[in-house]
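Q: Need the 3D shape of this:
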Amino acid sequence: MTRVVAVNAVGGPEVLSIEDWDIGVPGPGQARLRQTAIGLNFIDTYQRSGLYPLPLPFVAGNEGAGEVIAVGEGVTEVKVGDRVCYQGSPGAYAQERLMPVDKLVPIPDGVDDRTAAAVLLKGLTAFYLLFKTWPVQAGESILWHAAAGGTGLIATQWARALGATVIGTAGGPEKVQKALDHGCHHVIDYNIEDFPRLVKEFTGGKGVDVVYDGVGKATFEGSLDCLRPRGLLASFGNASGVVSVPDLGVLARKGSLFVTRPTGTHYFPKRENLLEGAKALFEAIQAGDIKVEIGRTYPLEEVAEAHRALEARETTGSVVLMP
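A: Residues are numbered from 1 along each chain as shown. The predicted structure follows:
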């Protein structure tokens, strides 16, 4: 038996249930992990609430790190004793779990388990957005919403290292300062400032080449007004609610704009894609281009409180659960 956080009915943080489950032994193509750290992400809250439905019951969470303690028949990708991490695989909120080995990423020397658990999902999100969705070039300008959040702190540092001019938004003076300390050239407090007007001011009236928006409904219209003609809005999250675009003509009126709703599932369909992104991420960390900020750590038993804090946008940086 192993301790897990189960979801038996969708709803608020109160539906997260600490239980003991028998997870069995690894089959072909699987490994069993003893987890040492678990990452908390907005997608965990979407699955718990039912916004992103999963078959019930399920073990919550999508990201973690730990040690391989058993492997199934025919497994050659990993061995017992390996330090590994993963993302995008529901079932992470557990002391031990089974994992498909093609989803596991080796943790390189010099990167500790808490950092790996805190950074992989958010870092791979930053990777596909900055290198694949819109390959950022030196001299371009970008706007990143929620720049003091877990993904934002990683992505803005990385974008600055690529030579981009990085504009961020954040809520409140503490988050504004944190974003300035982690890669942003300019940060706008969207609680009290008009971010489209200031973005145009910072870019000499031109607008940015690309907006990365994980906030969703609250920032969508304003994000369109920040773009240069034929710029791209990459809407990759729904922290403030789901975006709807009833009139596509708005994209023409605002400059023949492009909008995409990317997800990691389609950017990492094969293990080779996953390893490419992870290699770039860990190299950037080891080179000092990305410094990983772990804002809060909670024991697994306090997972409901961790969800409440994340959804209330009280956190900065990454949040880690300790099993």
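Q: Assign a three-state SS to the residue most central in space within the chain, would you?
A: Centroid check for the chain by Cα atoms, centre = their mean gives Lys122 as the closest residue, at 2.9 Å. Assigned by DSSP: H, G, I helix; E, B strand; the rest coil, the conformation of Lys122 is helix.
Q: Find the nearest non-adjacent residue to it, please.
A: Thr151 (4.2 Å; Cβ to Cβ, 6 or more residues apart in numbering). C-betas here are computed from N, CA, C, even on glycine.
Q: measure the one you found to Ala218 for me?
A: 17 Å (Cβ to Cβ, to the nearest Å).
Q: could you point out which element follows the helix or strand containing Arg32?
A: In the assignment (DSSP states H and E), Arg32 maps to strand 30-40. Sequence order places helix 42-49 as the next helix or strand after strand 30-40, per DSSP H and E.
Q: roughly how far is the strand holding Arg32 from the heart of the chain?
A: 17 Å (Cα atoms, centre = their mean, to the nearest Å).
Q: shift numbering so it begins at 20
A: Got it, first residue is 20 now, which makes that one strand 49-59.
Q: just checking, what packs against that strand?
A: strand 82-90, strand 102-106, strand 115-119, helix 132-146, helix 322-330, strand 337-341 (3 or more Cβ pairs under 8 Å, 6 or more residues apart in numbering; DSSP states H and E).
Q: Restrict the first one to CA atoms and write it as CSV.
A: Provided in CSV are the C-alpha atoms of strand 82-90 (Å, rounded to 0.1, in the frame of the first residue of the first chain):
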residue,chain,number,x,y,z
GLU,A,82,4.7,16.0,-12.2
GLY,A,83,7.2,14.4,-9.8
ALA,A,84,10.7,13.2,-9.2
GLY,A,85,12.1,10.2,-7.4
GLU,A,86,14.1,6.9,-7.5
VAL,A,87,13.4,3.8,-9.6
ILE,A,88,12.8,1.0,-7.2
ALA,A,89,11.6,-1.7,-9.6
VAL,A,90,11.2,-2.2,-13.3
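Q: Which stretches in the stretch 70-219 of the chain count as helices?
A: Using DSSP state H, counting those that start in this stretch, the helices assigned to the stretch 70-219 of the chain run over residues 132-146, 169-180, 192-200, 214-221.
Q: how much space between the nearest residue to Phe239 once chain neighbours are set aside and Ala28?
A: Sequence neighbours aside, Val262 is the residue nearest to Phe239 in space, at 4.7 Å (criterion: Cβ to Cβ, 6+ apart). As judged by Cβ to Cβ, Val262 and Ala28 stand 27 Å apart.
Q: who's more crowded, those two?
A: Val262 (20 against 10; other Cβ atoms under 10 Å).
Q: How about the secondary structure of that one?
A: Assignment for Val262 (three-state DSSP): coil.
Q: For it, give me its contacts.
A: Gly235, Lys236, Phe239, Ser254, Arg280 (Cβ atoms under 8 Å, 6 or more residues apart in numbering).
Q: In helices only, show me those.
A: Phe239 (DSSP state H).
Q: Which single one of the contacts of Val262 is nearest to Lys219?
A: Phe239 (17.3 Å; Cβ to Cβ).
Q: Mind listing what's buried along stretch 88-96?
A: Val90, Gly91, Val94, Glu96 (16 or more other Cβ atoms under 10 Å).
Q: out of the helices and strands packed on strand 49-59, which comes closest to Pro74?
A: Across the helices and strands packed on strand 49-59, closest to Pro74 is strand 115-119 (Cβ to Cβ), at 16.5 Å.
Q: What average pLDDT does that closest one get?
A: Across strand 115-119, the average pLDDT comes to 97.
Q: Gly268 - how many residues pack around it?
A: 9.
Q: Check whether Ala253 really touches Pro154, as I assumed.
A: No - if you go by Cβ atoms under 8 Å, Ala253 and Pro154 don't touch, sitting 11.9 Å apart.
Q: which of Thr170 and Ala237 has more neighbours?
A: Thr170 (25 against 15).
Q: What does the pLDDT read for the more buried one?
A: Thr170 is given a pLDDT of 91.
Q: what's near enough to touch it?
A: Lys141, Thr144, Ala145, Gly233.
Q: returning to what we had before: pick out whichever of Ala253 and Pro154 has more residues nearby.
A: The neighbour comparison of Ala253 against Pro154 (other Cβ under 10 Å) goes to Ala253, with 22 against 11.
Q: residues in contact with that one?
A: Contacts for Ala253 (Cβ under 8 Å, 6+ apart) come out as Leu148, Thr152, Trp153, Val229, Val230, Tyr231, Asp232, Thr279, Pro281.
Q: does it have beta-bridge partners, and which?
A: Taking DSSP bridges as the rule, Ala253 bridges to Tyr231, Thr279.
Q: residues contacting Tyr286?
A: By Cβ under 8 Å, 6+ apart, the neighbours of Tyr286 are Tyr147, Lys151, Thr152, Asn292, Gly296.
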